[in-house]
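Engineer: Sequence plus predicted model, see below.
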Amino acid sequence: MTSKAQDMREVRLGLFRKVLEHCKAGSTDLAPDVMRIPAASYFDPDQHERERQRLFRETPLLVCLSCDLPEPGSFRLFEDTGVPIVITRSKDREVRAFLNVCAHRGGRVVREESGEASRFTCRYHGWTYDNTGKVVGVPSQEFFCDKLEDRRLNECPAEERHGLIFVLAQPGGTMDLDTHLGDFGKEMERLDFGQSEPVMEQKFQSSSNWKFAMDTYLESYHLPSLHGSTFADVFESNLFLLDMFGPHYRFTFPHKGLEKWIGQPEEDWPIDALPLTYFLFPNTIIAVGSVSANGSSFTTHRLFPTGVGEMYANVRMYALTGVKSPEHRSEMEGNFEKIKGAAQNEDYVVTGESWGSLSELPEGAEFVLGRHEIGVQTFHSNIAGALEREVSLDPT
Ligand code: FES
Ligand SMILES: [Fe+2]
């Protein structure tokens, strides 16, 4: 067993012990108090614009996993923030990100969603770039009097860490990924996503504010009522652990029936089947083993606003240590369908049918978050903190 796997085993064992303590006591992790949030935070257009800038352009975002750019020459588009970006792995295996805007007169250089290419040619006038963003070919170059070596695709900060690829959707910006991840980086390292393999990908859409949809991932309170026929029989609804890593956190939503392990030897506990749900601030869920019985797969859910009341989630499933067999693949595909059923037909239907009514509430209306909705509480207070920091830095 690798030291990362050994470390993760210790983490899972500690979590399992805590879950059993809660089972014995009939308790759960809780916030110190209830919290109120303004209903307007879900529909205020000014707040929305500040979120788009502060959270989606000035905060590092998870774009994909290392296995999504497996070889030198692999590329993918990343356009979810509204900034057209292409990410590539170049010959030196470094991951780079570029604004997908031609340095000649603004043509869209890369048009395929993903693929393999060491060079990209803009179809407008045929300028060609290598995958470090450098111009390597210009038709009729003699008609350009300046030095074309100075022209290149604009670069955005991109970094690869622990099998994950992050980008700052801001050309010429500066990304401090280590500060952003903090101790969460150690947890991601322990999970060892570097061996994973992509299985499938889909987009789920909702006519709702992105935070209204994000909230559904951050508590298990709604399982019995909303997911009565999908997840309610599988997971405990009011027993969870929450561990904070700065604005990021790990939820442990255990499966039902774990109380039978109370008093049993620790070496027999099914710790690998304990589902771990990570929230990576501001917009990403990484759900490890939440629907597979053996913890061999995980999903990423990355939520993006396209307007104050429109959003989608890019959802991808991966095999944690690769797809082992055709049966393993079909089991994962079946699990993906379950996630899709719950998210698209239940969570996103509720958020979509409700969001439009929020602006009818009296001015100043507030919603209340219970102590067991600590994940939602923390999400909203961290967003408020991030937006306030922006305000305090504004010299005007
Ligand atoms: S705009 Fe790309 S080659 Fe002219
Ligand atoms: Fe849900």
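Structural biologist: Yep, that arrived. Ligands and ions are numbered 1, 2, ... in the order given.
Engineer: hey, let's count contacts and neighbours off CA atoms from now on
Structural biologist: OK.
Engineer: which residues touch Phe336?
Structural biologist: Counting by C-alpha atoms under 8 Å, 6 or more residues apart in numbering, Phe336 makes contact with Met317.
Engineer: let's see 10 Å
Structural biologist: By C-alpha atoms under 10 Å, 6 or more residues apart in numbering, the contact set of Phe336 is Val199, Met200, Glu201, Gln202, Val291, Ser292, Phe298, Thr299, Val315, Arg316, Met317, Ser330.
Engineer: Helix, strand or coil: sort out it for me.
Structural biologist: With DSSP: H, G, I helix; E, B strand; the rest coil as the basis, Phe336 sits in helix.
Engineer: gap between it and Gly133?
Structural biologist: Using C-alpha to C-alpha, to the nearest Å, Phe336 is found at 36 Å from Gly133.
Engineer: likewise Cys67?
Structural biologist: Distance from Cys67 to Gly133, counting by C-alpha to C-alpha: 22 Å.
Engineer: neighbour-wise, which of the two wins?
Structural biologist: More neighbours surround Gly133 than the other of Cys67 and Gly133, with 24 against 18 (other C-alpha atoms under 10 Å).
Engineer: Nearest spatial neighbour of the more buried one, chain-adjacent residues omitted?
Structural biologist: Spatial nearest neighbour of Gly133, excluding adjacent residues (C-alpha to C-alpha, 6 or more residues apart in numbering): Leu153 at 4.9 Å.
Engineer: Correct me if wrong: the one you found contacts Ala97.
Structural biologist: Yes: Leu153 is within contact range of Ala97, at 9.3 Å (criterion: C-alpha atoms under 10 Å).
Engineer: confidence score at the residue nearest to Gly133?
Structural biologist: pLDDT, Leu153: 97.
Engineer: what do you get for the one 10 residues further on?
Structural biologist: The pLDDT attached to Gly163 in the predicted structure is 95.
Engineer: Run through the residues that contact it.
Structural biologist: Gly163 neighbours (C-alpha under 10 Å, 6+ apart): 64-68, 188-189, 191-196.
Engineer: ok, those residues vs Ser381, which is closest?
Structural biologist: Set against Ser381, the nearest of these by C-alpha to C-alpha is Met188 (23.5 Å).
Engineer: check contacts around the residue nearest the centre of the chain.
Structural biologist: Residue closest to the mean C-alpha point of the chain, counted by C-alpha atoms, centre = their mean, is Thr284 at 2.2 Å. By C-alpha under 10 Å, 6+ apart, Thr284 lies in contact with 61-63, 214, 217, 248, 278, 300-304, 313-315.
Engineer: now Glu79
Structural biologist: By C-alpha under 10 Å, 6+ apart, the contact set of Glu79 is Val63, Ile85, Val86, Leu99, Asn100, Glu113, Ala169.
Engineer: Now list the buried members of the residues you listed.
Structural biologist: Val63, Ile85, Val86, Leu99, Asn100, Ala169 (16 or more other C-alpha atoms under 10 Å).
Engineer: Determine which two of those are furthest apart.
Structural biologist: Going by C-alpha to C-alpha, the pair spanning those furthest: Val63 and Asn100, at 15.4 Å.
Engineer: Now do the contacts for Thr28.
Structural biologist: Lys18, Val19, Glu21, His22, Asn238, Leu239, Phe240, Leu241, Leu242, His372.
Engineer: Return the member of the residues you listed nearest to ligand 1.
Structural biologist: Leu242 (49.5 Å; C-alpha to the nearest ligand atom).
Engineer: So what touches the helix or strand harbouring that closest one?
Structural biologist: Assigned by DSSP states H and E, Leu242 belongs to strand 241-245. Here strand 241-245 makes contact (C-alpha under 10 Å, 6+ apart) with 15-16, 18-19, 22, 28-31, 181-187, 249-254, 276-280, 374-375, 378.
Engineer: Does ligand 1 have contacts with stretch 98-105?
Structural biologist: Yes: using C-alpha under 6 Å from any ligand atom, stretch 98-105 reaches ligand 1 at Cys102, His104, Arg105.
Engineer: From those residues, pick the one nearest Gly309.
Structural biologist: Cys102 (31.7 Å).
Engineer: From Ala40, how far out is that closest one?
Structural biologist: Using C-alpha to C-alpha, which is the criterion applied here, Cys102 is 40 Å from Ala40.
Engineer: More neighbours: the two, which one.
Structural biologist: Counted by other C-alpha under 10 Å, Cys102 and Ala40 do not tie: Cys102 has more neighbours, with 26 against 18.
Engineer: which residues does the closest residue to ligand 1 within the stretch 201-350 of the chain contact?
Structural biologist: Per C-alpha to the nearest ligand atom, Thr306 is where the stretch 201-350 of the chain lies closest to ligand 1, at 26.4 Å. By C-alpha under 10 Å, 6+ apart, Thr306 lies in contact with Arg52, Asp80, Thr81, Gly82, Ser207, Ser208, Asn209, Trp210, Tyr312.
Engineer: Quick one, grab the pLDDT at the residue lying farthest from the centre of the chain.
Structural biologist: Centroid-distance maximum for the chain: Glu142 at 46.8 Å, with C-alpha atoms, centre = their mean. Listed pLDDT for Glu142 reads 91.
Engineer: Thr230 now?
Structural biologist: For Thr230, pLDDT reads 79.
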